[in-house]
Structure formats: structure tokens, C-alpha cells
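A.B. asks: what follows is a predicted protein model with its sequence.
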Protein chains: 4
Amino acid sequence: MKRMNVAMIGYRFMGKAHSNAWRQVARFFDVPIEPVMKVICGRNGTEVRKAAEKYGWQEHATDWREVIERKDIDIIDICTPGDSHHDIAVAAAEAGKAILCEKPLANTLAEAERMLAAVERAGVTHMVCHNYRRAPAVALAKELIERGELGQIYHYRGTYLQDWIVDPNFPRVWRLERAKAGSGALGDIASHSIDLARYLVGEITEVASLLETFIKERPSPDDPTKRLPVDVDDAALALCRFENGAIGTIEASRFATGRKNYNRFEINGSRGSLVFNLERMNELELYIEEGSNSGFRQVIVTEPDHPYIAAWFPPGHIIGYEHTFTHTVLDFLKAIDEGRLPQPNFRDGLRNQRVLAAIERAHASRVWERV
Amino acid sequence: MKRMNVAMIGYRFMGKAHSNAWRQVARFFDVPIEPVMKVICGRNGTEVRKAAEKYGWQEHATDWREVIERKDIDIIDICTPGDSHHDIAVAAAEAGKAILCEKPLANTLAEAERMLAAVERAGVTHMVCHNYRRAPAVALAKELIERGELGQIYHYRGTYLQDWIVDPNFPRVWRLERAKAGSGALGDIASHSIDLARYLVGEITEVASLLETFIKERPSPDDPTKRLPVDVDDAALALCRFENGAIGTIEASRFATGRKNYNRFEINGSRGSLVFNLERMNELELYIEEGSNSGFRQVIVTEPDHPYIAAWFPPGHIIGYEHTFTHTVLDFLKAIDEGRLPQPNFRDGLRNQRVLAAIERAHASRVWERV
Amino acid sequence: MKRMNVAMIGYRFMGKAHSNAWRQVARFFDVPIEPVMKVICGRNGTEVRKAAEKYGWQEHATDWREVIERKDIDIIDICTPGDSHHDIAVAAAEAGKAILCEKPLANTLAEAERMLAAVERAGVTHMVCHNYRRAPAVALAKELIERGELGQIYHYRGTYLQDWIVDPNFPRVWRLERAKAGSGALGDIASHSIDLARYLVGEITEVASLLETFIKERPSPDDPTKRLPVDVDDAALALCRFENGAIGTIEASRFATGRKNYNRFEINGSRGSLVFNLERMNELELYIEEGSNSGFRQVIVTEPDHPYIAAWFPPGHIIGYEHTFTHTVLDFLKAIDEGRLPQPNFRDGLRNQRVLAAIERAHASRVWERV
Amino acid sequence: MKRMNVAMIGYRFMGKAHSNAWRQVARFFDVPIEPVMKVICGRNGTEVRKAAEKYGWQEHATDWREVIERKDIDIIDICTPGDSHHDIAVAAAEAGKAILCEKPLANTLAEAERMLAAVERAGVTHMVCHNYRRAPAVALAKELIERGELGQIYHYRGTYLQDWIVDPNFPRVWRLERAKAGSGALGDIASHSIDLARYLVGEITEVASLLETFIKERPSPDDPTKRLPVDVDDAALALCRFENGAIGTIEASRFATGRKNYNRFEINGSRGSLVFNLERMNELELYIEEGSNSGFRQVIVTEPDHPYIAAWFPPGHIIGYEHTFTHTVLDFLKAIDEGRLPQPNFRDGLRNQRVLAAIERAHASRVWERV
């Protein structure tokens, strides 16, 4: 079988999830290309060596530029914080590598534009890892909508709620620093809601918004006696209009006490509705209007003919969060093999970024803004 | 026991619900004043006579002005569409009657202001029937928030979803006509979400919004071959800021297929969260942060020490929609007896109306508007 | 309209629920006979006078024999504890009254047999108040099963769980005394599960069982320093076979901490399944096998074409526990008017009693027993 | 690090799940012993070779006796149908291998007894793979019960419901053949409910039961025109008493239409209750009696201090079915390293088997039987 060598840049949360995906994909699916876990790369030599051993990479490295220059590397998987996506992706494109990049694509619109230009110029395969598209229940939602089961879509209602920084003494980590993270809940989790909205409903054309930072200073992670400013949003709220006439609300917060990873959407169409919640990611609530005995039905998305499921276990034997990454790399490999662009790719990443930017502008201007 | 004679103007959906409340209140609660169901009034003589018999009113009448002039009438209960609230309420105030008025208080801000002025000038008892405040689970939510169980409130997330006009051939009834109803989903159901927001979180200070009419013409109810314009909103979406720093979303729609009377709110505070859904009105989901074994708990609000419950049945024996009206007239009678103003009263009704008006302005201006 | 005078014997929990039903039925439904709340009867003169005022009865009395002898009384409604059902019902039958009797029909099989003989000999209308048959969701379940939507029934799984006596210091009230109550959880709540099983699935032919009394002595309700024996079951468990080949489990307990009135059943058939839970009595979970996107759907049983609902409120506006009694007296009045026997009647009550007796025998013998 | 070579016998459903566990365990957990996936063994040479490649085993073989004789093999993992467990396990014990055996331990009580004797005589490590003990929510349930959070346990209510053979034309596969499978729903899934009962509540001392085969003949899997008898149970129901005074129901069925892998238990104690459902295996419903605002709380069992979770992902990022096997092999390796017996081991497997046998006897005798 054809093999391709993968180099992964970054080794923390996303590095762990992506490593698992590369390791597992050929164990469950019939892949057209077998990925070889060649090298993992990170700035801290000690840590990256441990990660290589733990996650099963053949080599480890500390300089991503050297890694990208290696002739034997075919795929670059970018799992670093957003502030380095641009430089790594542009270099990887110029080196002719296929690129899988964590979301959000970049920290600024300008970076995202340059990244897209670079991959298109280079003609390489590119994909953004909005992994939730590949939860089987979400992929099923897409199928149902495409088949017209919901009729004309009227409403999108996306909420992505977490509570990990409700405690005012939680430290000012990099995700709360604009220079590193670009934004707060907006880029980290609202971007997922936006991606799902674009995937399932269509393009967003304009937004009104509100960003809020409830706790404006937090202890330094290095020295708890010092306090550092929080310059990203704790919560991001938006109203939006879609190209196809649908309207929506998008709400992301890290201050929703009790909500751990509550990435929920509800879509209402003229014939039916759908509800998904990542905390119960093996289920899809489906309403089809069929008279008085209709009702939201809890579809357990574990049947052999549901997306991706045949490779896993029998009905009712659920899968978890990590599997969405396995499905992502599967589709990435298939796209490479078939010489086509996977979705979502850098065009989607850029479009997502434009929505994020419009939300920021609308917050500042207090006026509806076009995307 | 002290008795007071009630005259009810209007006899349809709300007339039925209010009649039941007047009939039942003294059968379950120890009322300080026994209400006597004296006269029901409506324009259609045949219909109102039938309603009087059915619902148990002693008399029926067709001219509300005559009814208000009767010396033996103590309480006027206004259950008509919004376009007649102003005239009836002002006349009732001038005649010195205690007034219970259905929501929304009026069809315009100017009317609402004159109504408040009239009742204050006359010194009569006045109340707006936002009955959902008196669902025991909502009253319990209020208690928990007042006691500080949720800490500082960060988020209000109100959605009131129905689907009764999704079918484009549903006729253009009075509720879809601006001249009669004032507005669509906004005044009819978003006003409930706003009332609950004000009750549980605090005053709303500014809003951004979007109103949408998906189906712009519908068959005439009188002649289905003719089509009439729909000049009210099918859906109303708003972002809002509260005086106390909380932020919120409010969404009302009659196009949410599968949602029948889904009046849901979620409130997130620094220590806990609450979820209520009118379709399961005997339950309150309560999250209190207590470490890793915390979770949203489904409180069945049917214990003897829960608000209003001791009068009804043992734990687990649920009550229904109509009971919220019974609780409303109970508190109205108590307020009269104690010589104080019940809540919500015409001041609340006016404040609610100001929020509705700001939402309409923000929709037109595409800018955040102060309430 | 035709009128009939009702006398109710008993005035506590069931008296309150039945009074409400008699008062309300003609206010919402088109009844063929208008019930007149003539006289309420109980042993304690002071209490029964208060109940008469509170619940709206015209007269009150303390001697049920005198009440039954009154020529102007047409209907006797028996709401007393089980130990007096027999005497009252037999006397009422001999006096030619129509009889509505609370469940369980009697405290012993012999009594139940004599009661049935009496009403049949007298030719009077008779009904047992298993009110849960008239929750709209249960009546809908019946319709669906009758129409064959579930195919052949394989399983009945009935659990009726409460927790009101988990505290060992809860007093030894009459319901915990065999001489008054006949049995414990068995007759009080398992009898409901059995009635629903018979209504929805069919006749039970044999049982294995287990009865348990966890707390064998409790404080006297009159003198907490004294302890009295508990001689009824705290929990009753049974396996059963039905005439039609289905099999079932029935479990009733007053020791299920956290369960307040959890009267749940699940029925599995060859084509579909149903779940009902009294704590969410306006919902029916319905599964119809239709391929991989099937799922348990939450039907909100509040549509106009659902049983009994047209008389109440619009979709999504739920009703409560008390309404099941209103539906019961409605059907009782209709049956009288149409000269036919309502269901469930004393034959059903006796059959239910036979199942209860078989469960007690099987507990004692430790062997499967025929009903 | 210490390494041990694993040989797995069997390569189908359980083979796939166990392979994944051996592959993944050291990638997420700090294992004291690194398992080496040495050889996979099955009767069909072509199939087992494919499995070896797919699942990542170094070698493949077709004769399990030869594999067991290999000096370089340290661990035998038995994933075959029940009819070969005895021979493989006894041989493996005699060869001094550590043994992990799929459940149920054997097809007969006599076999199970000989297997236990063999491993004890040989002094090898032995474990039965009742993997659901290692769902984090189940392990948390165990912790809560051990800490006394539920008080004295009164009730166990176990249901394991599936629907994969409801269609009468589903073929007579090996699981429906007594000679291969030993029993039907009883050994396959009721055995899990029994294991959870023993783990969480205590030893079962006596049972009453009912076994039923609804469809008595099915098409041959090899030749659909021929029909073969089904000589195992489609459903198994039991009442049981525990040593500690608790009582229980256990119900397993493959005829519960709509239930895919509904392995649910509810436990009621004097202070609280627990509910678990494998289809939502990342959640535990927990009720602690704390006054009127108590309620069943949905604990999302994904916090770092929940059992096994720290190795996986952040709160709210759920895991799946396969992870329970990874946890099982982790604990198996730890037990080997620490020179102690893991739980559940062959003693538990035998005890489970005794309960299964008592259920079969009670079905035949129609009398309560001691375990």
C-alpha cells in the first residue's frame, strides 16, 4: 500500500488527539494511503521526546523549519497555537507538503488570506481540522439536510458553552492572551459553531454582536502573586443572517457554569428540526413533521449505515471525542489519494475567519456588519 | 369572608384560562377575598352567553363600558386582544376598579404610558398577567437567585419557540395583523421571555435585534381564495445587556418546527445555573458547583415547601398550564387585601413594552439601541 | 340538561381530587349529564363541613348509610380507605345507585367478589377509579397498540416507585397497617401497574413474586414514643406471563429514594415500543422501527386530536395529575347516559385483585402461582 | 520498561476490541508493563492473517495449542465463543500464562469450576473481562457506594435490552445455538447485569426466574431455505435477593425493539440513588437526598479526578465503548506487576456462572432457587 510520512508540529492537547488519529485510522478503516508517524516537533526538547515515545512517533525534533525541509516528509499536521499557524503553513506549502491545520486557521484575517494564497499557489492539499463535522451524528445531519428532510431552513441556533474559567483565580493562560490566541471564546469555540452553521445551513452574510470579558485580570500562571490583564473575550454572542434567508444566533461562553463541552445546535426547517449536543455526540435529535404523533426522536447514531460507523462497533456501542479526528485524517488521506480538495479546507478556514472578524467589527461598531 | 365581584372582558383562549382561575382559586387556596364570577363580557352576544354558561359566570354582557360603570363590580379582568387594552384599562381605572390585564400591556408604548398614568392617578390595584412567573419552578428559580445560590449572574438565554404557523397556508388570523396584535412573535411570546429576564436577572438596558417575516402573505381566514399581507414578525431575535452586567440572548419564533410551547430559559451564574422549559413546567434543572460530582439536577418542583404546591397534590403529582393563572389571581387578591401593588404590575408592563419598542427600533436602525 | 346528584364518601386526598373532577368536568367538556355536587360524607363532622365548603359541596353528612338511603342521590363516589369499600359499595348497589369506587376495589378477594356480585345483581353502573388509564398519553398508547403500531407485544416492564417512607422515623400511618390498607406498595401502587398491564397488554395468567418490608417497626402517629409493627410490604416485585404470550416484570416500592411518583411502563412489541412516566405524564416516548434513523420520539400529548385534549388548551400547554380524574368522571357520566358499562369496572377491579392475591400467594409459597 | 508478550485467541468482535486495548493502553496510561502484540490466533488462516495486519499483531497462527506452548508468550487473551474457553484456559494455566478471558467464563458450571481450579493450581494471574466495570461512570458508582453516599442499599434494578433478533428472519447464528453459546440473552447480556449487581451491591443468594424463546425456528445462516431450531432464550427475567438484604430484578432481552445496547441499572439506597445506561456511558445519574431541591443530577463523568479519565481528554470530551477494554487491560497489567489478583477474576466468573445456573434451574423448577 502507498505510504506517506507525517510530521506533526505541536504536541499538547491537539497533538495527543491528532497522534491518536494517525495511529488508529488504518486499524479500523481501509485507508488508500497508510500514514507513517515519522516525526513530532515541539520547542521543548525534553517534552517532545516524551510525547514521541508516548504517542508512538518514530522521531522527534525541535525546529519545525528543518522538519518542513525534509524531503521524506509528505504531510504537515499543524497543532500549535494560532500565532504560529501562518508561518508554518506558508513554509509547508512552499515545500510542497499536504497540510492539515488546526482551527482557527489563523489569528488574523490577513494571515488567513496569505495562507490560502500560499497553498493555492503551491497546489498542495489543504484542510482545516474542524473535527466536529465528522462526528457521525453531524455527518448524518448534513445528509438529512441535503436530502431535503428538513425542507427550507429557517433557524440556526448554535451555543458552545464551557465553564473552565468561571473561577476568577484561574490563571491567565495563553488562551486568555490576545497575542497568542487571537481571541477568546470567539476563535476557540464560536469558530466551531460558525463552521457547523456554514456546513449545515450555508454562508453567513451579516452579523450583529456582543463580546464580553467578565474577569479582566487574572493571576499569572508563572507567578500567582502577579496579576495579568485578560485581553480576549470570555463570551461572544452574535445574531446572523444567512445567504439563503435563514437567520441564526451564535453564542459561545467559557462562563456557563455546569456546561463542560456543550457544543449544541438546533436547526429548524419547514418540515423538520435537528438538535445535536457534543456531550451526547452519538445521538441526533430528529423531528420530522408527520402529524400529531410526531416528536423529537433520539436517533442513536451507531448503525452500520450511519457515517463512519461500519468501521467501529455494533449498534449502541458508542464512540468518543477522539474518533472525530480519526475520521478527519481518513478523509484527508482519501482526498490526497483522489487528488481533490477535502472539506473544510483553507477556503473554509478563511471564510470562517471573515465571520469572526465581522463579529469583532460589529462589537466595536455596535452596528450590523457584512461578512 | 370578604367578597369581590369580578367582570371579565374577553372570552376566548385567555377568557377560558382566567375563568378557570377565578373558579378554582378558593377551592385550593385560603384566599383573603372570595372572588365572585359576576359577569363576562364580549362583543358577540351568542358566543358570550355560551361562555358564561360553560365557564360559570352569573351574567353576560356585550358592552364593556356598561360593565365598567356598574357599581357592584370591583375587579376588571382584561382578556381581549391588545388593541382594546388601553381603552378598557383607562376606563376601568377611572371607575376605580382593580385591574388585571393580559400581556402585552398595550400595542404601543404611548398607550402603555397612558395606561400606567391612569391607574396611578386613580390609585387602583393593577397587575399584568405574565402568568409564567407563577409556575412553581419559576418562582423557585427566583428564590434560588435571590438567596444567591447562583452567585453573580453572567448569562440569560431565553428562547420561546412554537411552530403553529409553519404551514404557509395557515390563515392570516388576527395575531398576524399589526393593527390588532401590535406585533407577532415579539409581543406575543418574546414578551414572556423578556418578563422572565427582568424578573430573574434584572433590567435590560440595551439591545441589538433582528425581526423576520418568512411568509409574507397568507390566505384570508374569511375567504381562503384571497391572500392578505402578514405585517408582523414570524421570529424575533435579540442580544441584550442588563444593568447588572449580565448579557443575554432572546429568541422567539413561530417557525421552530416541532416546538409546541417551548418557553425555555437558561441562566448561568458564577456558582450555578438553572434551566426551565415550560413544556416540562414541573421541573427545574439546577446546577450547583460542588466539585466533580456536580451535575444538572432535575428538581421535580412538587414538594410541599415549593411555591404554591402545598395547596395542590403530593410530591410527583404534577400540575398544568392553567394553574399558573390560578396562582396569579391568588396573588392579585392578596395584594388587594394587603393594600399593596402586586408584581408584575403596569410599571412592569410598561418597562416590558419599552424593551419591545427598543427591539423594534434596533431592527430598523441596525444599531444597538438603549431601552 | 339531565342532572344527577352525587354523594361522595371520604374527603381527604382522593376526596379532594374527585371533588375537583366533579366541579370541573362540565366546565371543559360537553357532558351528557350534569353532575350536581350534592353531599360529601365523612366520619369527622368538623372536618367534613370544612371540606364541603372548600370543595364546593352543597351539603355534608357523617353517616354514609343515611346518605345512601337518600332518594335524591343518584351516584355514590367511594373515596375512603379500602377497608370500607365493601360495605359502602354493597349498600349503594342495593340502593340502586351508580357507583364510582377508588382502587383497589377491596382489601380481600372475597370482598371484591361480593361487591361484583352486588352490582351485577342490582344492575347498576359500576366503575373503579384507575385514573391513569385516562392520562391522554396512556389513552394514546392504548390507541397505538390497538391499531397494531407496535406489532405483537413481547414485554411489559412496569415500575411504580416512590420514596415517602424511606425515613425509618416516618410514622406508622394507616397505609402501613394491614387491617386498614390490606397491603402496602402492592395494593396501593403495584395495583396501578397491574391495571395498566391489563389495559395495554392483556390478562396476566401467572406470577412469581417477592414482597419485602425493610423497616419492620415505626413510631405511632399518635404517640411517637411508641413503636408499632409494620405488617404490609414496603416493596413488591413480580414476574408475570400474559395470556397472549407476552412476559413482564412489575415492581412497586416506597423505598426508591428520589422517585416521587415514578409510575413508568415500557412496552416492547415486534414493530415498536412505548415508554410512559407519570412524572412527565404529558409525554409518550414512541419508537417505531423504520430503519436506521428510527429513535424513541418524545411525543408531547397535547394536540387537539389526542385523547381528551381538545377540551383543554393549545399544543404544548400541559395538563396535570388532577385532570385524569376529570376524564374518569366524564367517561363515567357518558357510560351512564349510554346505558353501558364503563371500563375499568368492578370486573376489572376483581381481576386486578386476583392478580394481587396471586402475588401474595406466590410470595408465601415461593412458587409460580396461577392468577 | 518491562515487556510482556501477548497472544490473543479469537479475532472477531471481541478480538477487535481487545486488540485495540492492547494497542492503546500504553499510549494513554503509564503502564508498569508494556504489552507486546505478539501473535493472534484463529482457525481460519486467511481471516486471521488479515486480522493480524489490520489490528497490528506481529504474527498470526491457527493452532491455539501451539501458541500456548510457546515459551515467549506471557499472556493469553481468550476472545473465542464460550465453548472453547475451558480447554484454552486450562491449557494456558498449565503452561503458566497469565490469562484474560472473555465472559461468560464458560458454558457450564462444571467447566467454570475446572477452570478456576486450574488457574489456582497453577498460581497464574486470571481475570474475566466484564469490561463494563471499567466504564468511568460505573467505577465512580462503585466509589460512591463504597463511601456510603447511598446509605443502605435496598434495590437493584438491572435491564440489558437489545433488539438485534426481533426480525423472525434473522438467521440462526452461533449465539442462538446452545451447543456453542451455552445460553442466549442469559449468558450473553444478563451475565453483565449480574456482574454489575455483584460488583455494586453484593452476592446474590437466591432467584426466581422466567426464560422465554419467542421465535423457535430461524433460517440457517448457511442456507436460508432451511430452518434450524433456536434452543437458547430470547429473554431472561429474574427476581433476586442479596446477602445484604437488598432485593433486585434482572431483565435481559434481545426483543426490546428500539433498544440497541441499553445496559441500564438503577440502585436505590436509604440516602440516595444511581442510574447508569451504557448508551450514555459517560453519564451517571446521581440522587442524594438533601431536601426539597434534590433531584437526579446528570454527572458527566469526564473530570480529571473521575476514574481513568485523567489519561484521556478535558471535561466534556467523551470516551467510547472501546475504552472500557483499555481500562481492563490496564488493570490486568497492574495486577500482574503488583503480584495480586485483579477483579473480576475466575472466582467472580464462577460465582456469576452459579447465578446463571440458578436462574436456569429456577426457570425449570418454577420455584425460588438458592445460588
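C.D. replies: Thanks, I have the structure now. Numbers count the residues shown, from 1 in each chain, chains lettered A, B, ... in the order given.
A.B. asks: residue A:178 and chain D, how far apart?
C.D. replies: When distance is defined by CB to the nearest CB, to the nearest Å, residue A:178 is 22 Å away from chain D. (Each C-beta comes from the backbone N, C-alpha and C, glycine too.)
A.B. asks: mind listing what that residue touches?
C.D. replies: By CB atoms under 8 Å, 6 or more residues apart in numbering or on different chains, the residues touching residue A:178 are A:231-232.
A.B. asks: which residue does the stretch 51-200 of chain A have closest to chain B?
C.D. replies: residue A:154 (4.6 Å; CB to the nearest CB).
A.B. asks: quick one, phi/psi of that residue?
C.D. replies: Backbone torsions of residue A:154, given as degrees, to the nearest 10, read phi -100, psi -40.
A.B. asks: mind listing what the residue lying closest to it once chain neighbours are set aside touches?
C.D. replies: In space, and not counting its chain neighbours, residue A:154 is closest to residue B:255: 4.6 Å by CB to CB, 6 or more residues apart in numbering or on different chains. Shown in contact with residue B:255 (CB under 8 Å, 6+ apart): A:154-155, A:268, A:270, B:163, B:165-166, B:214, B:234-235.
A.B. asks: return the closest of those residues with respect to residue A:346.
C.D. replies: Among these, residue A:155 lies closest to residue A:346 (CB to CB), at 29.1 Å.
A.B. asks: which helices and strands sit right next to the stretch of helix or strand the closest one belongs to?
C.D. replies: In this structure, residue A:155 sits in strand A:153-161 according to DSSP states H and E. Applying 3 or more CB pairs under 8 Å, 6 or more residues apart in numbering or on different chains; DSSP states H and E, one finds that strand A:153-161 contacts helix A:191-200, strand A:235-242, strand A:247-253, strand A:262-269, strand B:247-253.
A.B. asks: and it, how far out from the chain's middle?
C.D. replies: Offset of strand A:153-161 from its chain centre (CA atoms, centre = their mean, to the nearest Å): 17 Å.
A.B. asks: could you point out which element follows that strand?
C.D. replies: Using DSSP H and E, the next helix or strand after strand A:153-161 towards the C-terminus is helix A:178-181.
A.B. asks: put the alpha carbons of that next one into PDB.
C.D. replies: Extracted in PDB, the C-alpha atoms of helix A:178-181 (Å, rounded to 0.1, in the frame of the first residue of the first chain):
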ATOM      1  CA  ARG A 178      -4.700  38.000  22.500                       C
ATOM      2  CA  ALA A 179      -1.100  38.000  21.200                       C
ATOM      3  CA  LYS A 180      -1.100  34.200  21.300                       C
ATOM      4  CA  ALA A 181      -4.700  33.100  20.900                       C
END
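A.B. asks: any idea which helix or strand comes after it?
C.D. replies: helix A:185.
A.B. asks: and for that next one, what's in contact with it?
C.D. replies: Residues outside helix A:185 that contact it (CB under 8 Å, 6+ apart) are A:160, A:162, A:232-236, A:252-254.
A.B. asks: can you find the helix or strand of chain A with the lowest average pLDDT?
C.D. replies: Lowest on mean pLDDT, DSSP states H and E among the helices and strands of chain A sits helix A:178-181, with a mean of 91.
A.B. asks: off-centre distance for that one?
C.D. replies: Relative to its parent chain, helix A:178-181 has a centroid offset of 18 Å by CA atoms, centre = their mean.
A.B. asks: tally of neighbours for the spatially closest residue to residue A:95 that is not a sequence neighbour?
C.D. replies: With sequence-adjacent residues excluded and distances taken as CB to CB, 6+ apart, residue A:95 is closest to residue A:68, at 5.0 Å. When neighbours are defined as other CB atoms under 10 Å in any protein chain shown, residue A:68 has 21 of them.
A.B. asks: please settle this for me: is residue A:68 part of a strand?
C.D. replies: No: assigned with DSSP: H, G, I helix; E, B strand; the rest coil, residue A:68 falls outside any strand and is helix.
A.B. asks: tell me which strands the host helix or strand of residue A:37 pairs with, and in which orientation.
C.D. replies: Using DSSP H and E, residue A:37 maps to strand A:33-41. Here strand A:33-41 has these sheet partners by DSSP bridges: strand A:2-9 (parallel), strand A:59-61 (parallel).
A.B. asks: and those as CSV, adding mean pLDDT?
C.D. replies: What follows is the strands paired with strand A:33-41, written out as CSV (pLDDT from 0 to 100):
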stretch, mean pLDDT
strand A:2-9, 97
strand A:59-61, 98
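A.B. asks: now these in CSV, with mean neighbour count and distance to residue A:133?
C.D. replies: Shown next, in CSV, are the strands paired with strand A:33-41 (neighbours: other CB atoms under 10 Å in any protein chain shown; distance: least, CB to CB, whole Å):
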stretch, mean neighbour count, distance to residue A:133
strand A:2-9, 20, 21
strand A:59-61, 18, 30
